[in-house]
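Peer 1: Pasted the sequence and its predicted model underneath.
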Protein chains: 2
Amino acid sequence: MTGVRRGRRAGGVDTRGAILAAARQEFAAHGYDRASVRGIARAAGVDPSLVHHYFDGGKEQVFLAAMELPVDPATAVPALVAGPHDGLGERLVRFMLSVWGDPRSRTPFLALLRSATTSEAGALLLRQFVTRALLARIAATLDLPDRELRVEAAAAQLVGLALLRYVVRVEPLASASDDEVVALVAPTVQRYLSP
Amino acid sequence: MTGVRRGRRAGGVDTRGAILAAARQEFAAHGYDRASVRGIARAAGVDPSLVHHYFDGGKEQVFLAAMELPVDPATAVPALVAGPHDGLGERLVRFMLSVWGDPRSRTPFLALLRSATTSEAGALLLRQFVTRALLARIAATLDLPDRELRVEAAAAQLVGLALLRYVVRVEPLASASDDEVVALVAPTVQRYLSP
């Protein structure tokens, strides 16, 4: 029993790491949409069932782990859109502030954004992941004409805010309280996502 | 006469290039605010009057040339804010679209943004330049409480839009016409800059 557990643990560490290393290469080389659990498994030299064993939920979970993203959109987005519609703008702004306000959760998102400004492959990867994991999930809950475009205008407001507040750090925006930022920006996001 | 002209030309090419190379180093090392024409001249091994000779307008003009920025905020911002206030949001959105829509003028701005996501020095440089050259100039023309914060919220919308439309290229935003983008986003910018 002890031997089995030790064996699984030791094997687990190596296998999981090999899968993540292969995943980073596959995503960088093929983008998010064309990368597959099968291709990642092949590159890692393991059976695809092992990828599913370590990353329940398949490709999206492998991606989140490979990029060390601390937020799982598959659970975060439904929680954000589940509340009353008239508070959606505020919930999305507060969620962005909580993720970007903490350097540990900001760093991997900033790395993805930097990669998108550096190479076409990075832009493709971020585009496909953001579209699938975030934008489409939010847009699907809205009954609006041009809902994709409106979600993207809201996302533009949020990503620009994250950049200027936490990365470029212009003042007074960088030192404003979360409540001040919410009061200023949540109505914008709410308007984009409302008829 | 011919000799004098040849001498000035040959000297001019080298001197201007030496000033720009020194300026890039000085701005990167000290940020925008602490860099000076005197320091740039010293690093280039020339008299400060030569910097003013080549770059009429001093530090800001040296910076624009060193970063190869195709827009001079000292003339662009007054032109943008000069028209009727109720068209200010649309003029700012159309200006951003014209600068970022052309790869030649987009590239140097994208380089500055990439540098800000890569290092503290790059963030400092972009922060100080954007604050002095763009945000403060626009804010100074507005008679509003929290005008700096409001200008920054509008800038966040515009920089996020530039990123998602031209760099990450999410659809349908990347393929939407300029008029569609203006119809969607100009009211947001207008609201931030209005009482």
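Peer 2: On my side now, so go ahead. Because the structure is predicted, anything quoted here is derived from the model rather than measured.

Peer 1: burial count for A:A29?
Peer 2: Other residues lying near A:A29 total 13 when counted by other Cβ atoms under 10 Å in any protein chain shown. Just so you know, the C-beta spots here come from the backbone N, C-alpha and C atoms, and that holds for glycine as well.

Peer 1: continuing past the least confident helix or strand in chain A by mean pLDDT, what's the next helix or strand?
Peer 2: Every helix and strand of chain A was ranked by mean pLDDT, DSSP states H and E. The lowest is helix A:2-34, at a mean of 74. Heading C-terminal from helix A:2-34, the first helix or strand you meet, by DSSP states H and E, is helix A:37-44.

Peer 1: Could you list the buried residues of that following helix?
Peer 2: A:V37, A:G39, A:I40, A:A41, A:A43, A:A44 (16 or more other Cβ atoms under 10 Å in any protein chain shown).

Peer 1: what does stretch A:53-65 give?
Peer 2: Per 16+ other Cβ under 10 Å, stretch A:53-65 contains these buried residues: A:Y54, A:F55, A:K59, A:E60, A:Q61, A:V62, A:F63, A:L64.

Peer 1: Which ones among those lie within helices?
Peer 2: When DSSP state H is applied, the buried residues of stretch A:53-65 are split such that A:Y54, A:K59, A:E60, A:Q61, A:V62, A:F63, A:L64 fall in helices.

Peer 1: okay but the fourth one is in contact with A:H53, surely?
Peer 2: Just to be clear, that refers to A:Q61. No - judged on Cβ atoms under 8 Å, A:Q61 makes no contact with A:H53 at a distance of 11.4 Å.

Peer 1: Low-confidence ranges, chain A, go.
Peer 2: Applying pLDDT under 70 to chain A flags residues A:1-13.

Peer 1: one more time with 90, if that's ok
Peer 2: Scanning chain A for pLDDT under 90 picks out A:1-14, A:56-58.

Peer 1: and it, what are its domains?
Peer 2: Chain A breaks down into these domains under automatic domain parsing: A:2-66, A:73-192.

Peer 1: quick one, helices of chain A?
Peer 2: A:2-34, A:37-44, A:48-54, A:59-66, A:73-82, A:88-101, A:103-118, A:120-129, A:136-139, A:147-162, A:178-192.

Peer 1: out of those helices, deepest packed?
Peer 2: helix A:147-162 (a mean of 24; mean count of other Cβ atoms under 10 Å in any protein chain shown).

Peer 1: That helix and chain B, any residue contact?
Peer 2: Yes - remark: helix A:147-162 sits within contact range of chain B at A:E148, A:L149, A:R150, A:E152, A:A153, A:A155, A:A156, A:Q157, A:L158, A:V159, A:G160, A:L161, by Cβ under 8 Å from any Cβ of the partner chain.

Peer 1: Without its sequence neighbours, what residue ends up closest to the third one?
Peer 2: Same thing as A:R150. A:Y192 (4.7 Å; Cβ to Cβ, 6 or more residues apart in numbering or on different chains).

Peer 1: Just to check, that neighbour is in contact with A:A153?
Peer 2: Yes - counting by Cβ under 8 Å, A:A153 is a contact partner of A:Y192 at 4.9 Å.

Peer 1: For chain B, state which of the buried residues of stretch A:53-65 is nearest.
Peer 2: A:F63 (16.0 Å; Cβ to the nearest Cβ).

Peer 1: Pretty sure the closest one sits against A:Y32.
Peer 2: Yes - using Cβ under 8 Å, A:F63 is in contact with A:Y32, at 6.7 Å.

Peer 1: what do these two both touch?
Peer 2: Taking Cβ atoms under 8 Å, 6 or more residues apart in numbering or on different chains as the contact criterion, the residues that touch both A:F63 and A:Y32 are A:F129.

Peer 1: What residue, apart from its backbone neighbours, is nearest the residue in chain A that chain B sits nearest to spatially?
Peer 2: Per Cβ to the nearest Cβ, A:G160 is where chain A lies closest to chain B, at 2.6 Å. By the measure of Cβ to Cβ, 6+ apart, the closest residue to A:G160 outside its immediate chain neighbours is B:G160, 2.6 Å from it.

Peer 1: So that neighbour sits against A:L161, correct?
Peer 2: Yes - assessed by Cβ under 8 Å, B:G160 is found in contact with A:L161 at 7.0 Å.
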